Structure formats: structure tokens, C-alpha cells
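just coords:
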């Protein structure tokens, strides 16, 4: 099982994440490409919170398709097009991922993403011990 932790010599995390994740030797790794707020039918969700929730659901679907779950996530990288979307992203993360597992995360505010109207993109790394 992956072990997330926060060294006492580092500040308390600013959000729902941990500073480190230790992955046991011999674990199977999965890299999930950046997911956006587009559902399986090709529809883009309206608004930053809805897009973030759909992006997280897409990440979970990718994990499940590979025999993994949220507890196997080792790291998120999140891209937002506006800092005003941070609270929407956090609410969507709590809604879809929950508060139990807090893997290391990096959040970046960028000028744009792959297409106009896309406000959120989330990539993930996961690992599971066989």
C-alpha cells in the first residue's frame, strides 16, 4: 500500500494533499493522461466545478479500468485557467475523491488548455502492489 506523509520539518499542506508518497518496491504503476470535463458522450460540462468533477470522474474511470482505485493515486497534477476556480476544484475533489486519501498534488494556473472553454485538466499517477 502506498504511504502518504507530511514531514514535521515542512509546513502543513495548504490543501487536501500530502507532501510525500512512498510506493513499495514491485508496485505496478499507471499514468493517467490529463483528463478534462468531457463525458463519455463528448459533452463538455458547464462551469469550472462541473468540469473538475467530470475530470475527476474520468480519472476514477481510468483507474477502475486498470484494476485500481482512489487509494492507489500517488500524485495529481491539476491545471486551472483561472485562480478563481481553485475553490470549485477543491469542492469537486472532495465530492468525487473524498477526504480519506490525500496524495501529493501540484496545482498550476495556466493561460489556456487544449481547447477554448476547457477550464480544468487533471492528470494522475497511481501505483498498486500486486
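Perfect, I can see it now. Bear in mind the structure is a predicted one, so any value in this text is a computation, not a measurement. Numbering: from 1, shown residues only.

which non-adjacent residue is nearest residue 22?
Take residue 22 and drop its neighbours on the chain: the residue closest to it by CB to CB, 6 or more residues apart in numbering is residue 3, 4.5 Å away. Glycine gets a C-beta too; all of them are placed from N, C-alpha and C.

and the helices in the chain?
48-65, 86-96 (DSSP state H).

what sits against the spatially most central residue of the chain?
Residue closest to the mean C-alpha point of the chain, counted by CA atoms, centre = their mean, is residue 76 at 4.1 Å. Residue 76 sits next to 17, 103, 104, 105, 106, 122, 123, 124 when contact means CB atoms under 8 Å, 6 or more residues apart in numbering.

ok, what's across the strand from it?
Residue 76 forms beta bridges with residue 105, residue 124, as assigned by DSSP bridges.

strands along this structure, start to end?
Per DSSP state E, the chain carries strands over the ranges 3-5, 20-22, 28-35, 73-80, 105-109, 120-128.

a markdown table please, covering the ones you listed and showing mean pLDDT and distance to residue 11.
As requested, the strands of the chain are exported to a markdown table (pLDDT from 0 to 100; distance: least, CB to CB, whole Å):
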| stretch | mean pLDDT | distance to residue 11 |
| --- | --- | --- |
| strand 3-5 | 94 | 14 |
| strand 20-22 | 95 | 13 |
| strand 28-35 | 98 | 28 |
| strand 73-80 | 98 | 18 |
| strand 105-109 | 97 | 15 |
| strand 120-128 | 98 | 23 |
